[in-house]
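K.L.:
no letters, just coordinates:
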Ligand code: DAT
Ligand code: MG
């Protein structure tokens, strides 16, 4: 089983898309293991986007991400990191196929509504940055035997 970090950005929250995103991950068969609604600090976002620190949009991105509420989640499932990225679409909504979250719900790269970890290694780091151990819920979903052979 693999875990990934997914977060509705302030634009995604303000546009009322938390439920739509959760619905898609639930319907796929993925399992929610942690979630919280918060306004992250700029410092927190600088850590989260550390790999982009030399990009011209880094400061604006971190400021924007801390400007309002974010809905942060950890989802679990087989192959979820790669599949989660496919469900999100491309970084630029203009390149995202209809049917993907960014392809269906947004237009510009700086307002692409959602974050999702891009590798299993980054997922581990992001999950550790956003969540404490005690914030995870351990349970066996009743659908487990229908989802996995
Ligand atoms: P992703 O969010 O798909 O993993 P990323 O990690 O390269 O993409 O960039 C993080 C976020 O930064 C991205 O979701 C939106 C913003 N961003 C990326 N490239 C940008 C650009 N050229 N101009 C403005 N914002 C950009
Ligand atoms: Mg990224």
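P.N.:
Okay, I see it. Here the structure is a predicted model, which is why all the values come from computation and not from measurement. Ligands and ions are numbered 1, 2, ... in the order given.

K.L.:
now for the closest residue to residue 42 other than its chain neighbours, how many residues are close by?
P.N.:
Computed as C-beta to C-beta, 6 or more residues apart in numbering, the closest residue to residue 42 that is not its neighbour in sequence is residue 66, at 4.3 Å. All C-beta atoms are positioned from the backbone trio N, CA, C, and that covers glycine. When neighbours are counted by other C-beta atoms under 10 Å, residue 66 registers 18.

K.L.:
also residue 1?
P.N.:
10.

K.L.:
same question for residue 92.
P.N.:
Around residue 92 there are 14 residues (other C-beta under 10 Å).

K.L.:
can you get me a residue count around the closest residue to ligand 1 within the chain?
P.N.:
Nearest to ligand 1 in the chain, going by C-beta to the nearest ligand atom, is residue 91, at a distance of 3.4 Å. The number of residues packed near residue 91 is 13, by other C-beta under 10 Å.

K.L.:
what sits against the closest residue to residue 120 other than its chain neighbours?
P.N.:
In space, residue 120 comes closest to residue 81 once its chain neighbours are excluded; the distance is 5.1 Å by C-beta to C-beta, 6+ apart. With contact taken as C-beta atoms under 8 Å, 6 or more residues apart in numbering, residue 81 is in contact with 2, 4, 117-120, 123.

K.L.:
before we move on, back to that, so the residue of the chain closest to ligand 1, which state does it fall into?
P.N.:
What DSSP: H, G, I helix; E, B strand; the rest coil gives for residue 91 is coil.

K.L.:
from what I can see it touches residue 109, true?
P.N.:
Yes. Using C-beta atoms under 8 Å, residue 91 is in contact with residue 109, at 6.4 Å.

K.L.:
show me what contacts residue 20?
P.N.:
101, 105.

K.L.:
thanks a lot, catch you later.
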